[in-house]
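> Need coordinates for the following:
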Amino acid sequence: MRDLSLQLMDLAQNSIQAGAGQVGISLALDETGKLTLMIRDDGCGMSAELLNQVHSPFVTGRTTRKVGMGIPLAQNNAASTGGGLEISSLFELKPKQFESEQHTPVFYEGHLYGVRTKAGGEQLVCMDLAGKEIWNSGRDKFGRGPYMIADGLILLLNDQGRLTVAEAAADAYRVLGQFEVLEDAHDAWAPMALAEGRLILRDLVQMKCLRLAAL
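Sure, this is the predicted structure:
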C-alpha cells in the first residue's frame, strides 16, 4: 500500500509539472471484484509519439533527468496483481483551434478557458473537455496578455493595457466592463496577481495596483 501511495504521488507530481491545474483520483469496484484506479488531469497531455514510448524507463518528459521509472514501476506492480496500466490523452488540438502560448489555460467548473495565439485569432475561448469550442470572444482580442478567474469573473489584460472583466460562464461570453489601466503599455504579458480585492499588473516599464471594487 505504501508503494502504491508513493507512485500515486509521483504520477500526480508529473501531472502538475505538465501544467495541470486539477488532478483527480478515483476508485471503482465492479461486480467481479476488479478494482479500477483512474488518475485524470487537465495538463498538456502527451503526443502520440510519447504515448507509444512512455512505458520505457529511458523515456521521460522531464528535462532534469534522462530516465523515468514512475510509469514502468506502476505498470509492473499492476501486472503483479493480474492487472494492467493504460495511459491515454483525451484529445489533441491544432494551434488554430487552441494554443495558449504565453499563459496556462484555466480549468473552471468543467470547462477550459484560454486565449488563442495569433494563428487562432487571439480570442478568449471556452471549451468543453472533449475539445469542442463553446464560445469565443469575437472582436475582443487579447494577444499574449494574462488572464485569470476569481469569484466567478474572468479578468483579462490585452497587450495594450486594457483590462476586460467578463462572467466566467460556459453558456456565453458576457463582458461586464472594460478599462484602460496601463497607459502606453509595452508588452503587458506578465501574470497578474489578486490579493484582498486588489489586482496587481504590469508591463515592461510600469506596475499598478488596482482596487477592483472601484472600477
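
> Now do the domain split for the chain, please.
With automatic domain parsing as the criterion, the domains of the chain are listed as 2-80, 106-214.

> Please compute how far the longest one lies from its chain's middle.
What that stands for is domain 106-214. 14 Å (C-alpha atoms, centre = their mean, to the nearest Å).

> Please apply the same query to stretch 22-29.
Using C-alpha atoms, centre = their mean, the offset of stretch 22-29 from its chain centre is 18 Å.

> picking that back up, weakest of the domains of the chain in terms of mean pLDDT?
By mean pLDDT, the lowest-scoring of those turns out to be domain 2-80, with a mean of 74.

> Mind listing what's buried along the lengthiest helix in the chain?
Criterion DSSP state H: the longest helix present in the chain is helix 2-17. Along helix 2-17, these residues count as buried under the neighbour rule (16 or more other C-beta atoms under 10 Å): Gln7, Asp10, Leu11, Ala12, Asn14, Ser15. The way it works is simple: take the backbone N, C-alpha and C, and place the C-beta from them, glycine included.

> how far away is Asn14 from Gln53?
The span separating Asn14 from Gln53 equals 15 Å under the rule C-beta to C-beta, to the nearest Å.

> ugh, wrong one, I meant Met192
Taking C-beta to C-beta as the measure, Met192 falls 38 Å from Gln53.

> can I get the CA coordinates of the host helix or strand of Asn52 in CSV?
Taking DSSP states H and E as the criterion, Asn52 maps to helix 48-53. Taking C-alpha atoms only, helix 48-53 is exported to CSV below (Å, rounded to 0.1, in the frame of the first residue of the first chain):
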residue,chain,number,x,y,z
ALA,A,48,1.1,10.2,-30.0
GLU,A,49,4.8,9.6,-30.2
LEU,A,50,5.4,10.0,-26.5
LEU,A,51,2.4,7.7,-25.7
ASN,A,52,4.0,4.9,-27.7
GLN,A,53,7.2,5.2,-25.7
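
> all strands for the protein, in order.
Assignment of strands within the chain using DSSP state E yields the ranges 23-29, 35-41, 106-108, 111-115, 123-127, 133-141, 147-150, 153-157, 162-167, 175-180, 193-195, 198-202, 207-211.

> now the angle from the longest one to strand 153-157?
Spelled out, it's strand 133-141. Between the direction of strand 133-141 and that of strand 153-157, the angle (axes from the mean of the first three to the mean of the last three C-alpha atoms, to 10 degrees) works out to 40 degrees.

> centroid residue for the chain?
The residue lying closest to the centre of the chain (C-alpha atoms, centre = their mean) is Pro105, at 4.1 Å.

> Return the distance of the residue nearest to that residue when sequence neighbours are not counted relative to Val125.
For Pro105, ignoring the flanking residues on the chain, the nearest one in space by C-beta to C-beta, 6 or more residues apart in numbering is Gly114 at 3.3 Å. Computed with C-beta to C-beta, the distance linking Gly114 and Val125 is 6 Å.

> Which neighbours do these two have in common?
Listed contacts common to Gly114 and Val125 are Phe98; contacts here mean C-beta atoms under 8 Å, 6 or more residues apart in numbering.

> between the domains of the chain, which one is nearest to Ser89?
domain 2-80 (3.8 Å; C-beta to C-beta).

> rewinding a little: compare Met192 and Gln53 and say which is more crowded by neighbours.
Each of Met192 and Gln53 has its neighbours counted (other C-beta atoms under 10 Å); Met192 has more, 20 against 12.
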